[in-house]
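next input, structure requested:
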Amino acid sequence: HSVVRNALFCLEMSADEKENHVYTKALMAYAFALAGKEEKRKALLGSLEKEAVKKDGSVHWQRPGKEPEVDLPYYRYRAPSAEVEMTAYVLLAHLSTHPAPSQEELSFASLIAKWISSQQNPNGGFSSTQ
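Sure, this is the predicted structure:
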């Protein structure tokens, strides 16, 4: 359909910009995965991996310029909803590939899933509604 084709063209032009925000890259990586644009998906995931926060055997993404986490006893930090959302979009981009994700992608995806699951609140929900 021409509307979808035009939208993908717009995303492809935007994906080539050097100053894309990490949240934008995460959304575009997932969109390209769904559209079957494997080269664009891989390029964005490669760029995102350079910006990943790798800590305690897990991986996530956070907004640039964010204040560091407070390390207090008896307090477990929960990330803001935007960080949960963008990390989830990166996970979806890793898992939404055809053919199925490689073993390497699945291993990396498990580190992302570990972080996301650590963000659950006591009721099993998340700060994000997405």
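
surely M86 meets M28?
No - between M86 and M28 there is no contact under CB atoms under 8 Å: 11.2 Å. The way it works is simple: take the backbone N, C-alpha and C, and place the C-beta from them, glycine included.

between these two, point out the one with more neighbours.
M86 (26 against 23; other CB atoms under 10 Å).

how about the contacts made by the more buried one?
Counting by CB atoms under 8 Å, 6 or more residues apart in numbering, M86 makes contact with V22, Y23, A26, L27, W61.

where along the protein do the helices fall?
Using DSSP state H, the helices of the chain run over residues 2-15, 22-35, 38-51, 81-95, 103-118.

and of those helices, who's closest to S127?
Counting by CB to CB, S127 lies closest to helix 81-95 out of those; the figure is 4.4 Å.

quick check: the residue nearest to G36 when sequence neighbours are not counted vs K37, distance?
In this structure, G36 finds its nearest non-sequential neighbour in H98, 6.5 Å apart by CB to CB, 6 or more residues apart in numbering. Separation of H98 from K37 (CB to CB, to the nearest Å) stands at 11 Å.

more neighbours, the two?
Using other CB under 10 Å, the more surrounded residue of H98 and K37 is K37, with 19 against 9.

where in this protein is pLDDT low?
The chain contains residues with pLDDT under 70 at 66-77, 128-130.

what sits against the closest residue to S96 other than its chain neighbours?
Nearest residue to S96, sequence neighbours excluded (CB to CB, 6+ apart): A33, at 4.0 Å. A33 makes contacts with R41, L92, A93, S96, T97, as judged by CB under 8 Å, 6+ apart.

next one: Q62
Contacts of Q62 by CB under 8 Å, 6+ apart are V22, V53, A79, E83.

can we see that at 6 Å?
V53, E83 (CB atoms under 6 Å, 6 or more residues apart in numbering).

how close does it get to K55?
Taking CB to CB, one finds Q62 at 10 Å from K55.

centre-most residue in this structure?
V90 (2.4 Å; CA atoms, centre = their mean).
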